[in-house]
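J.: Give me a model of this one.
(2 chains)
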Amino acid sequence: MNLLSPRRDLVQIAVFAAAMGVLALTTRSGVVLNFAMMALYGCLMAQAWNMLGGYGGQFSFGHALFFGTGAYVQAIAQLQGGLNPWLALPLAIVTACLVGLLIGALSFRYGLKGSYFALVTLAFAEVFRILALSVPFTGAGVGLMVPLKEGAANMQFGDRRGFVALALALVVCGLLLTTWLRHSRFGAWLQAVRDNEDAARAVGVDPFRVKLGAIGLSAAFMGAAGAFYVQVFQYIDPGIAFGPHTSVEALVAAIVGGLGTLWGPVLGALVLHLLADFTRSLFGGLPGINMIIYGAVLILIVMFAPRGILGMGQSVRGLWRRPASAPAATAPSREATRG
Amino acid sequence: MLDFGILFPAVLNGLTTGAVYALVALGLTLIYGVLHIINFAHGAALMMALYGVYFLKQYLGLDPYLALLPMVAVMFVGGYALQRGIINRASHGKDENILLVTLGLSIVLENIALLAFKSDTRTIDTPYTLATVAIGPAMIAVPKLVAFAGALVTSAVLLWIVRGTDLGRAIRAVAREKHGARLVGIDVDHVYAMSFGIGLACLGAAACFLLPAYYVNPQVGNGFVLVAFTIVVLGGMGSFAGALLGGLLIGVVESLGGLWFGESLGQIGIFLLFIAVLLFRPQGLFGAKA
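T.: You can find the predicted model right below:
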């Protein structure tokens, strides 16, 4: 198996897209479609986080910043610009990407890493939340409502399957981009910077530009998730847009599935949404129960399976393949980059 | 506008608020200085302590200032157990893991509080809640004055522990060079847990001084934690004097900012200051120890 060839990844993505497509076309169950839609939406956020956190090693605690930017641009472009949602979407993605580049340029220029980077992204998200609460064009605390105008031309599908298809298309884009990160020169630079920034710089990689590229891509996908949210729920307010909930969901799903892997974020989002639905059926809509689950899962995963569910799977497979006397696992960062 | 009769009370008010900020930040900076980790659950722990003080008062009628002893003890034990039982085990030797675990803890604690106590904002009534004393042209609430004094005393105790006791010597040794400390027979894991416990004990004290003039709800910690992070960074990570001065400074800045720009923009000011300090002066205003 040639690790440099993306063929295996591409085949897996094709199978995934086909399976999800068939599911969306054949099922009539609203529950299943709703679940698929929300899980895919969670995948999108986790993938976005994984591009920067998993492949770039930069842990952001404020990804809601890009989510909210995408969401507000999507809503404002329609409400005040009279733009068609299909045209608003690229605008939302580009704006989120630009915000990402700006934050990245500031933080990486001044060499913020690790905890400092996490804190600064969190603080930026809070600044945006308070700004959104105080300026008039975001509708302040009341939020923005996008009027109901059903129709595919208006990106408001009467049938849930339309949204599933849209989310699937975005997730497949994310998977393809992640595949590119795994096999391209840029991706190799990014992973080199993650594993050892000084060593990467010594062999001629520019860590600043590489990390900037990663945060731009990550922010763009997070912005797409925000725009998708607005199209589905037709409403956004500062708490939903820039509050900690989305930041946490994106981060936990990516880490639970397995950082720096192709399928980790997809698996993580799926597991989290299954858990969330399960607890909802047990406890009903108790406030905060979802976040308790997310937090507890995060703690447990970091304690017992720091490489995520996929990492656990690999360790088990490794037990089968190697004789018991052989040295156990290789360096985790190398293992983690295989999906 | 710059009338002394307005400015003086604002500054005084800022100093008393800042002293409590400093108290919260002292715990954070101790934990950072020794363990080199950022305790993301610091705000959630403060929130739990505030609830503790609240329930002691509501159900046992215990005065917040008398609750000082049990709260400090409980928070210390809780912190020790948390560090040894969860955080240390989850670290696997990587700082990111600690960041994630303390983030997870803060999410869990905050939402358990939300589940158990609803999002109601609660306050307590004490005979001295509304009492004031006059200092020059300013009227200062008695609880705030007590909080100011309490914060100074607590800082002094903390400094004494770190500078004047055997435990403090061990803490400083571990903070400086943990492998060396281990080689000379210091139980590093124990020192880590002690530091974490003392850090949270500061929060227990802060909660007792805070509640008579403040309130508690599940989100109350968030406001403090970012302010505390700002102070810790501003004062130089791991520096006690820096945390104390930084706390007082932030309190005054916030009070004056609120006077001139109004409440919500004053809040943004704290975050912008925080971002600016992180970006341009991560070693802190007063210069951290190396």
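J.: where does chain B dip in pLDDT?
T.: Along chain B, the model assigns pLDDT under 70 to residues B:1-2, B:262-267, B:282-290.
J.: those helices in it, which residues are they?
T.: For chain B, the helices defined by DSSP state H cover B:4-35, B:42-60, B:68-82, B:88-91, B:95-117, B:142-164, B:166-176, B:178-183, B:188-210, B:220-234, B:240-261, B:263-280.
J.: what's the second one packed up against?
T.: Yep, that's helix B:42-60 we're talking about. helix B:4-35, helix B:68-82, helix B:95-117, helix B:188-210, helix B:220-234 (3 or more Cβ pairs under 8 Å, 6 or more residues apart in numbering or on different chains; DSSP states H and E). C-beta coordinates here come from the backbone N, C-alpha and C atoms, glycine included.
J.: out of those, nearest to residue A:277?
T.: Of all those, it is helix B:95-117 that lies closest to residue A:277, at 17.6 Å by Cβ to Cβ.
J.: Near chain B, which residues of chain A? Just list them.
T.: Within chain A, the residues that sit near chain B (Cβ under 8 Å from any Cβ of the partner chain) are A:59, A:61, A:106-107, A:110, A:112, A:114-116, A:118-120, A:122-124, A:126-127, A:130-131, A:133-134, A:248, A:251, A:255, A:286-289, A:291-292, A:294-296, A:298-299, A:302-303, A:306.
J.: Which of those residues are buried, as a PyMOL select command?
T.: The following PyMOL line selects those of the residues of chain A next to chain B that are buried, judged by 16 or more other Cβ atoms under 10 Å in any protein chain shown:
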select buried, chain A and resi 59+61+107+112+115+116+118+119+120+122+123+124+126+127+130+133+134+248+251+255+288+289+291+292+294+295+296+298+299+302+303+306
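J.: Which of the helices and strands packed on helix B:42-60 sits closest to residue A:33?
T.: Within these, the stretch nearest residue A:33 is helix B:95-117; the backing value is 28.7 Å (Cβ to Cβ).
J.: Excluding chain neighbours, give the residue nearest to residue A:139 in space.
T.: residue A:237 (7.4 Å; Cβ to Cβ, 6 or more residues apart in numbering or on different chains).
J.: before we move on, what about residue A:99?
T.: Using Cβ to Cβ, 6+ apart and skipping the chain neighbours, the partner closest in space to residue A:99 is residue A:69 (4.9 Å).
J.: show me what contacts that neighbour?
T.: Contact partners of residue A:69, counting by Cβ atoms under 8 Å, 6 or more residues apart in numbering or on different chains, are A:92, A:95, A:96, A:99, A:128, A:219, A:223, A:226.
J.: Quickly note the distance from it to residue A:253.
T.: Applying Cβ to Cβ, to the nearest Å, the value for residue A:69 to residue A:253 is 20 Å.
J.: still on that earlier bit, what about the residue nearest to residue A:139, how many residues nearby?
T.: Other residues lying near residue A:237 total 22 when counted by other Cβ atoms under 10 Å in any protein chain shown.
J.: still on that earlier bit, can you flag which of the residues of chain A next to chain B belong to helices?
T.: A:106-107, A:114-116, A:118-120, A:122-124, A:126-127, A:130-131, A:133-134, A:248, A:251, A:255, A:289, A:291-292, A:294-296, A:298-299, A:302-303.
J.: which regions of the stretch 201-339 of chain A sit below the pLDDT cut-off?
T.: Under the criterion of pLDDT under 70, the regions of the stretch 201-339 of chain A flagged as low confidence span A:285, A:319-339.
J.: let's see 50
T.: Along the stretch 201-339 of chain A, the parts satisfying pLDDT under 50 run over A:324-339.
J.: which stretches of the stretch 201-339 of chain A form strands?
T.: Per DSSP state E, counting those that start in this stretch, the stretch 201-339 of chain A has strands spanning A:235-236. These are given in chain order.
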